[in-house]
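*Asks:* Need coordinates for the following:
(one chain, ligands or ions: 1)
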Amino acid sequence: MKNSVLEASVAERHPASAPDYMPVAELRELQVERLRGVVARAWREVKHFRARLEERGITPEDLHSLDDVAKLPFTVKSDLRDTYPFGLFASPMKDVVRLHASSGTTGKPIVVAYTKEDVEVWTSVLVRCFAGCGLHRGDIIQNAYGYGLFTGGLGAHYGAEALGAAVVPTSGGNADRQIMLMKDFGVTAICCTPTYFLHLIDRAAELGVDFKELPLRAGVFGAEPWTESMRRHIENSSRIEAFDIYGLSEIIGPGVACECRRHQGLHIFEDHFYPEIVDPATGEPLPDGSEGELVLTTLSKQAMPMIRYRTRDITLLLPGTCECRRTIRRMGRIGRRSDDMLIIRGVNVFPSQVEAALLEIEGTLPNYQIILTREQGLDQMEVQVEVTPHMFNDKIGALQGLHAKLQGALDHVLGIRVKVALVEAHSLARSEGKAKRVIDRRAQ
Ligand SMILES: [Zn+2]
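*Replies:* I've put the predicted structure just below:
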């Protein structure tokens with residue numbers, strides 16, 4: 001890594017980062033106060049939420065400590081769909097300055113709103129993210145998240161600009177131009193999905209550009225789950241420092257949590273987003289250190305407060321404090337979503353398990369696809385894996401050896417027999433945004 005260039009201690013002391021270091025007792029007090037405020041606001045302004053509380057016989061006055069959060073009802077994605085478009089807004093349109101929407105694959109999208117103050121909070125948490133990644137004024141940040149209704153592009157843009165960095169708003173797509181600008185402008189950091197960055201690495205190699213030779217030293221990657229093995233692959237192929245950033249539109253967009261330079265989990269900006277981990281099956285709260293579903297409550301959001309939103313993301317709150325001395329808690333990286341879970345012949349399988357197994361084996365590329373079919377009533381899973389070009393040029397024996405190794409690793413990790421198919425490098429569809437890892441043909 002090109003770390004020697006960084007002056008982390010200076011960079012991480014951005015004034016916006018002050019709440020990251022707040023004494024814990026003070027932080028908890030602030031959280032309780034803000035929680036009461038946000039629940040009172042939702043109760044007053046959002047009919048849907050008030051009805052939920054009344055069903056349970058609770059009023060905002062029943063909240064005395066953070067433990068009382070568990071008394072509040074959950075909010076789930078369908079609540080946003082059912083109240084489309086503006087049913088969960090707690091501010092009149094005259095106070096709303098921005099609307100974003102998800103590109104729902106089925107039915108209506110999910111709409112989220114921001115007041116001017118909400119945009120300021122959003123910007124401030126992104127400044128805290130970037131500062132934690134060691135970025136500062138003078139950096140040139142290429143923002144390859146999509147600009148538009150998706151929150152990624154504008155969210156990262158405002159944060160990077162407020163940090164004092166020079167932003168190159170390339171948005172997604174057009175890899176050749178992205179690479180040209182990175183090289184010509186001397187870009188020092190990039191924001192995009194991890195799979196898009198892999199695509200850029202591959203394309204750059206084809207164009208004769210070596211990322212290791214560029215001033216690029218940091219990547220802030222999010223909007224899809226990725227693994228530690230993927231991080232190693234990215235860092236080895238480009239010699240940058242890769243950071244995991246987390247967020248979701250329902251809560252604010254990117255900037256709910258981000259890694260610091262210790263890379264020991266993602267710091268959650270707890271003064272604005274209160275995290276809980278619950279058992280995904282029962283909804284019961286779990287203690288720090290237990291893995292479960294992440295539930296978030298916005299503590300300062302005005303236009304659209306979210307109370308106990310079920311993210312479907314599986315993670316844990318890490319006990320203890322980070323070496324960076326931030327007092328805000330950390331969560332583990334999101335390796336999987338409860339929605340991504342595939343049930344194959346009764347066994348739970350996550351695409352991230354496949355990815356981790358593949359990246360451990362030399363000769364394969366981190367590009368793969370899972371194809372599910374049903375033959376005579378029985379689920380079949382095929383994993384197509386791209387292999388490095390020299391493997392294909394090699395003698396057939398090497399390919400057979402690799403096939404056997406992969407077969408063994410996948411059978412072991414997944415606990416079911418899968419079919420493995422080795423394919424040539426670059427033969428699987430390339431991602432311009434989020435990766436399409438699973439093709440499920442079982443219902444056809
Ligand atoms: Zn830290």
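*Asks:* only C-alpha atoms for contact and neighbour calcs from this point on.
*Replies:* Will do.
*Asks:* Now for the residue in the stretch 101-250 of the chain positioned nearest to the ion, how many residues are close by?
*Replies:* Closest residue of the stretch 101-250 of the chain to the ion, Cα to the ion: residue 132 (7.7 Å). By the criterion of other Cα atoms under 10 Å, residue 132 has 27 neighbours.
*Asks:* And the one 3 residues further on, by the same measure?
*Replies:* Neighbouring residues of residue 135 were enumerated by other Cα under 10 Å; the total is 29.
*Asks:* Roughly how far does it sit from residue 159?
*Replies:* 11 Å (Cα to Cα, to the nearest Å).
*Asks:* Please parse this protein into its domains.
*Replies:* Following automatic domain parsing, one finds the domains of the chain at 1-339, 342-440.
*Asks:* mind checking how far residue 373 is from the ion?
*Replies:* 44 Å (Cα to the ion, to the nearest Å).
*Asks:* Need the domains of the chain in a markdown table (columns: mean pLDDT).
*Replies:* Shown next, in a markdown table, are these (pLDDT from 0 to 100):
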| stretch | mean pLDDT |
| --- | --- |
| domain 1-339 | 93 |
| domain 342-440 | 83 |
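*Asks:* from those, which stretch is densest packed?
*Replies:* Scoring the domains of the chain by mean neighbour count under mean count of other Cα atoms under 10 Å gives domain 1-339 as the most buried, with a mean of 19.
*Asks:* gap between that domain and the chain center?
*Replies:* In terms of Cα atoms, centre = their mean, to the nearest Å, the centre of domain 1-339 is found 7 Å from the chain centre.
*Asks:* Around the ion, pick out the residues from the stretch 301-444 of the chain.
*Replies:* Residues of the stretch 301-444 of the chain lying near the ion by Cα under 5 Å from the ion: 322, 324.
*Asks:* all helices of the stretch 301-444 of the chain, in order?
*Replies:* In the stretch 301-444 of the chain, the helices defined using DSSP state H, counting those that start in this stretch lie at 351-359, 389-393, 396-414.
*Asks:* Taking helix 351-359 as reference, get the angle to the longest one.
*Replies:* The one in question is helix 396-414. 150 degrees (axes from the mean of the first three to the mean of the last three Cα atoms, to 10 degrees).
*Asks:* Run through the neighbouring helices and strands of helix 396-414.
*Replies:* helix 351-359, helix 389-393, strand 419-424 (3 or more Cα pairs under 8 Å, 6 or more residues apart in numbering; DSSP states H and E).
*Asks:* which outside residues touch it?
*Replies:* Contacts with helix 396-414, where a contact means Cα atoms under 8 Å, 6 or more residues apart in numbering, come from 349, 353-354, 357-358, 361, 363, 391-392, 417-422.
*Asks:* Next: the second one.
*Replies:* For helix 389-393, contacts defined as Cα under 8 Å, 6+ apart pick out 363, 398-399, 424-425.
*Asks:* can you tell me which two in those are farthest apart?
*Replies:* Using Cα to Cα, those reach their maximum pairwise distance at 398 and 425, which is 15.6 Å.
*Asks:* roughly how far apart are the closest residue to residue 314 other than its chain neighbours and residue 411?
*Replies:* Leaving aside its sequence neighbours, residue 314 sits nearest to residue 293 (Cα to Cα, 6 or more residues apart in numbering; 4.6 Å). Residue 293 is 27 Å from residue 411, where distance means Cα to Cα.
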